[in-house]
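K.L.:
Quick one: sequence plus predicted model below, questions after.
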Amino acid sequence: MKKLNELLSGYESAVLGTLSENGYPFSSYAPFYYDGEVVYVFISNIATHAKNMQARPKASAFFVDDEVKTENIFARRRISLQCDVEMISKESERYTFVMDTFQAKFEGGTLGMLMGMKDFNLYALTPMYGEATFGFGEAYNIGGEKMNELVTRTGDSGHK
């Protein structure tokens with residue numbers, strides 16, 4: 001059975017969907033690290049999606065193939081995860097471990113500089129449900145014990 005980490009390994013950023021205070025959805029993107037169970041994003045408090053997640057700790061993380069590299073625009077590989085959100089304390093061991101791994105993923109990037117900025121925080125997006133589509137007729141729900149496996153769709157949405 002395919003696992004999400006195999007599928008997400010080709011992506012460096014996720015499109016985040018959050019709910020604003022006026023009730024409208026807001027979309028933006030952020031680089032991410034996925035540990036096999038949780039999607040982590042490191043973003044500034046100034047960012048609208050950070051403010052939204054702090055006030056309403058739910059978000060979607062969307063991963064989609066580049067349309068330029070896709071032969072058929074309607075058959076782009078895509079994964080959508082509906083998640084609960086938690087801000088990770090900078091004093092925790094989890095923060096240190098995740099940020100070390102995150103920094104290794106983006107070696108040579110600006111993450112090291114951003115880590116020293118006080119307005120940046122680490123958020124854990126834990127999938128509650130999701131779906132994956134890999135072209136026409138190849139659709140899956142996200143499931144399994146750790147919400148990290150593809151489960152062939154049987155007609156129900158799998159959404160709770």
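P.N.:
Arrived safely. Residues are numbered from 1 along each chain as shown.

K.L.:
Please pull out the lowest mean pLDDT helix or strand from this structure.
P.N.:
Using mean pLDDT, DSSP states H and E, helix 111-115 stands out as the lowest-scoring helix or strand of the chain, at a mean of 56.

K.L.:
how many neighbours does Phe62 have?
P.N.:
16 (other CB atoms under 10 Å). Where C-beta positions appear, they are placed from N, C-alpha and C, glycine not excepted.

K.L.:
And the pLDDT for the closest residue in space to it that isn't next to it in sequence?
P.N.:
Distance criterion CB to CB, 6 or more residues apart in numbering; nearest residue to Phe62, sequence neighbours excluded, is Val15 at 4.1 Å. On pLDDT, Val15 comes in at 96.

K.L.:
Strands of this protein, start to end?
P.N.:
Shown for the chain, the strands assigned by DSSP state E span residues 13-19, 25-34, 39-44, 58-64, 78-88, 120-133, 139-143, 149-152.

K.L.:
Contacts for the first one, please.
P.N.:
Going back to what we said before, that points to strand 13-19. 25-32, 39, 41, 48-49, 52-53, 56, 58-64 (CB atoms under 8 Å, 6 or more residues apart in numbering).

K.L.:
which parts of it are buried?
P.N.:
For strand 13-19, a neighbour-count test (16 or more other CB atoms under 10 Å) marks 14-19 as buried.

K.L.:
Having no further points to raise, I will conclude here.
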